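Trainee: Next come a sequence and a model predicted from it.
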Amino acid sequence: MGVPVILSGRLSRAGLLIAAAAGAATVAAGCGSQVATTTSAARPASPSTPSPGGIIPGGPASVGSAALCSEQEAVTRLVVSRVSALPQNHLHFAFPAGVTVSSPARARAVAKAVCGLPLMPHGPMSCPADLGLGYRLSFAAGTRSFPVVTATAGGCGTVTGAGPARWTARSPGFWTVLAHAMGVSTAPALRGTSPSRPHTSPNQPVASPAGLAAA
């Protein structure tokens with residue numbers, strides 16, 4: 001804090017100006033110190049920091065959300081990550097939470113399955129329960145990454161990230177294609193198992209393993 005200049009027992013006009021200037025300098029110095037000591041957690045993420053899906057937001061290697069469906073044939077790789085918003089359900093899976101599909105043919109098959117889904121209809125709908133389970137699909141074409149596609153395994157089976165929102169509730173074949181690409185035995189396995197719930201596929205039950213193999 002600045003100290004006022006006193007002349008003859010009274011605060012002179014010059015003293016007031018000096019005190020005001022000193023106070024302003026002190027405040028400015030304090031603000032600069034606060035900015036300099038801000039922790040990295042409070043700062044925005046660096047543009048060069050990859051997102052959980054492996055995409056650099058705004059980076060030169062990323063493309064628009066609708067590009068996947070216009071460049072399906074260019075896809076060479078897919079990383080699938082399981083996401084559970086309700087871990088208290090204690091679901092069990094016979095495969096890892098993250099699976100890399102290195103076969104270009106299988107990765108392209110999943111991309112085509114995503115883009116072949118019907119668009120999400122408007123208005124109220126009746127859908128199965130949503131248990132908070134979903135899959136993040138990170139497609140790549142060589143060194144280029146596409147925006148992450150998220151497919152929920154419950155509810156109406158909403159699929160986002162590839163242009164307009166789509167849904168899988170009436171397209172159980174999508175889960176068959178995804179399971180095959182991941183090397184998972186059957187589509188029902190993608191939903192996991194729990195002691196209180198039977199083994200069923202996302203959105204709709206599948207008739208039999210034989211039917212899955214035929215698909």
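Mentor: Yep, it's here. Residues are numbered from 1 along each chain as shown.
Trainee: so where do the strands sit in the protein?
Mentor: 6-7, 10-11, 77-84, 98-101, 133-141, 144-145, 149-152, 158-160, 166-167 (DSSP state E).
Trainee: how many degrees apart are the fifth one and strand 77-84 in direction?
Mentor: When you say that, I think you mean strand 133-141. 160 degrees (axes from the mean of the first three to the mean of the last three CA atoms, to 10 degrees).
Trainee: domains for the chain, by residue range?
Mentor: Listed by automatic domain parsing, the domain ranges of the chain are 6-41, 67-214.
Trainee: re earlier: how about the strands of the chain in CSV, adding mean pLDDT, mean neighbour count and distance to Leu68?
Mentor: Bear in mind the C-beta positions are built from the backbone N, C-alpha and C, glycine included. Below are those laid out as CSV (pLDDT from 0 to 100; neighbours: other CB atoms under 10 Å; distance: least, CB to CB, whole Å):
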stretch, mean pLDDT, mean neighbour count, distance to Leu68
strand 6-7, 42, 10, 74
strand 10-11, 45, 10, 71
strand 77-84, 96, 20, 11
strand 98-101, 98, 16, 15
strand 133-141, 97, 23, 6
strand 144-145, 94, 20, 10
strand 149-152, 96, 24, 7
strand 158-160, 96, 21, 11
strand 166-167, 95, 23, 12
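Trainee: Same list (these) but as TSV, adding distance to Ser70.
Mentor: Shown next, in TSV, are the strands of the chain (distance: least, CB to CB, whole Å):
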stretch	distance to Ser70
strand 6-7	77
strand 10-11	74
strand 77-84	17
strand 98-101	20
strand 133-141	11
strand 144-145	13
strand 149-152	14
strand 158-160	17
strand 166-167	15
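Trainee: for these, which one sits closest to Pro118?
Mentor: Nearest to Pro118 among the strands of the chain is strand 166-167 (6.4 Å), distances taken as CB to CB.
Trainee: And for the closest one, what's in contact with it?
Mentor: 114, 117-121, 156-160 (CB atoms under 8 Å, 6 or more residues apart in numbering).
Trainee: ok, 6 Å please
Mentor: Strand 166-167 is contacted by residues 117, 119-120, 156-159 when judged by CB atoms under 6 Å, 6 or more residues apart in numbering.
Trainee: is the nearest residue to Thr100 once chain neighbours are set aside in a bridge, and if so with what?
Mentor: Spatial nearest neighbour of Thr100, chain neighbours left out: Val79 (5.2 Å); criterion: CB to CB, 6 or more residues apart in numbering. Assessed by DSSP bridges, Val79 has beta-bridge partners Thr100, Ser138.
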